[in-house]
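S.K.: Predicted coordinates and the sequence they were generated for:
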Amino acid sequence: MLDIDPLLMLLVFVVFVVSVYFLNEVLYKPLLSFMDNRDKSIKNDLESIRGNDRDIAVLQAEAENILANARKEAGHIKEEAQESARKLAETQVEVKRAEIERQKADYLANLKSETDGLLESLRAQMPAFQESLRSKLKQL
């Protein structure tokens with residue numbers, strides 16, 4: 001029935017071992033070496049990314065600090081500008097008030113002198129008015 005040939009079995013075993021050895025040398029070792037190198041490259045890239053993340057976090061914190069300081073400084077500059085503008089406005093208002101007060105005083109003095117002049121004129125013409133009034137009353 002089935003004949004088992006030991007020599008043929010030995011030959012198949014030797015061919016199998018040689019094939020495994022050949023496949024190991026030609027296919028598996030280079031493939032495993034490539035995969036190990038790729039794993040190392042991926043690990044190095046991940047470490048580089050983590051390092052970059054830390055650098056980014058540090059730079060972002062520094063940028064936020066700079067922005068906060070800039071906002072604070074801008075606020076101080078704005079307050080100083082507002083205070084300066086307020087003082088300038090107050091000064092201009094005071095100058096205008098003083099000018100208006102001076103104009104008012106001049107106007108009142110002019111009005112007083114005109115009033116005095118008018119009173120003097122009326123007093124000077126008072127005898128003529130009295131005479132005219134008497135003549136009108138006599139006619140009635």
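M.R.: Cool, the structure landed.
S.K.: hey, let's count contacts and neighbours off CA atoms from now on
M.R.: Noted.
S.K.: Can you name the helix or strand that residue 4 falls in?
M.R.: Secondary structure from DSSP states H and E places residue 4 outside every helix and strand.
S.K.: Now do the contacts for it.
M.R.: Not one residue lies near residue 4 by CA atoms under 8 Å, 6 or more residues apart in numbering.
S.K.: Next one: it, what pLDDT does it get?
M.R.: pLDDT, residue 4: 84.
S.K.: With residue 112 instead?
M.R.: pLDDT, residue 112: 93.
S.K.: now swap in residue 80 and tell me
M.R.: 95.
S.K.: Give me the neighbour count for it.
M.R.: 12 (other CA atoms under 10 Å).
S.K.: Quick one: distance of the host helix or strand of it to the chain centre.
M.R.: Secondary structure assigned from DSSP H and E places residue 80 in helix 29-139. Centroid separation between helix 29-139 and its chain, computed with CA atoms, centre = their mean, to the nearest Å, is 19 Å.
S.K.: Could you state which residue of the protein sits nearest its centroid?
M.R.: Nearest to the mean C-alpha position of the chain, by CA atoms, centre = their mean, lies residue 71 at 6.5 Å.
S.K.: Residue 24: neighbour count?
M.R.: Neighbour tally, residue 24, other CA under 10 Å: 14.
S.K.: quick one: it and residue 132, what's the gap?
M.R.: 151 Å (CA to CA, to the nearest Å).
S.K.: what does residue 121 give?
M.R.: Computed as CA to CA, the residue 121 to residue 132 distance reads 17 Å.
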